[in-house]
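S.K.: Here's a sequence, model it:
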Amino acid sequence: MTRFLLAVVPLVLLTSAASAQQQGRDACSRDASRFCRAHLGEGDQVVLACLKEHRSRLSKACQQTLADHGQ
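M.R.: Below you'll find the predicted structure:
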């Protein structure tokens with residue numbers, strides 16, 4: 001039983017982190033396509049920089065996601 005728990009807990013934590021990351025992407029995807037369309041193929045860091053440049057125009061959900069992740 002203990003071995004089962006030791007295997008399941010990290011899996012649950014990884015799944016939770018992936019879920020949170022997906023929610024963050026969902027919150028900012030419309031803003032990214034609206035304000036950063038020209039940069040979408042250049043990688044996440046470039047898109048993140050673009051979103052930061054347009055922070056005042058982003059949706060509240062995207063602004064909150066960026067703040068929650070220290071951006």
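
S.K.: From now on I want contacts and neighbour counts done on CA atoms only, so please keep to that.
M.R.: Noted.

S.K.: Which parts of the protein are helices?
M.R.: 2-35, 44-53, 60-68 (DSSP state H).

S.K.: and residue 39, what is it in contact with?
M.R.: Counting by Cα atoms under 8 Å, 6 or more residues apart in numbering, residue 39 makes contact with 46-47, 50.

S.K.: Give me the residues contacting stretch 56-67.
M.R.: Contact with stretch 56-67 is made by 24, 27-28, 31, 51, 55, as judged by Cα under 8 Å, 6+ apart.

S.K.: which residue sits closest to residue 54, ignoring its sequence neighbours?
M.R.: Nearest non-adjacent residue to residue 54, counting by Cα to Cα, 6 or more residues apart in numbering: residue 35, 7.2 Å away.

S.K.: what do you get for residue 28?
M.R.: residue 62 (4.7 Å).

S.K.: what's around the one you found, how many residues?
M.R.: Number of residues near residue 62 (other Cα atoms under 10 Å) recorded here: 23.

S.K.: re earlier: so who does the residue nearest to residue 54 touch?
M.R.: 50-51, 54.

S.K.: low-scoring stretches of the chain, by residue?
M.R.: Within the chain, the ranges that satisfy pLDDT under 70 run 1-25.

S.K.: quick revisit: among the contacts of residue 39, who's most crowded?
M.R.: Neighbour max across those (other Cα under 10 Å) = residue 47, 20 neighbours.

S.K.: okay but it is in contact with residue 33, surely?
M.R.: No: between residue 47 and residue 33 there is no contact under Cα atoms under 8 Å: 9.6 Å.

S.K.: which neighbours do these two share?
M.R.: With Cα under 8 Å, 6+ apart, residue 47 and residue 33 have common neighbours residue 40.

S.K.: quick one: residue 40 and residue 47 touch, right?
M.R.: Yes: Residue 40 lies in contact with residue 47 (Cα under 8 Å); the separation is 6.2 Å.
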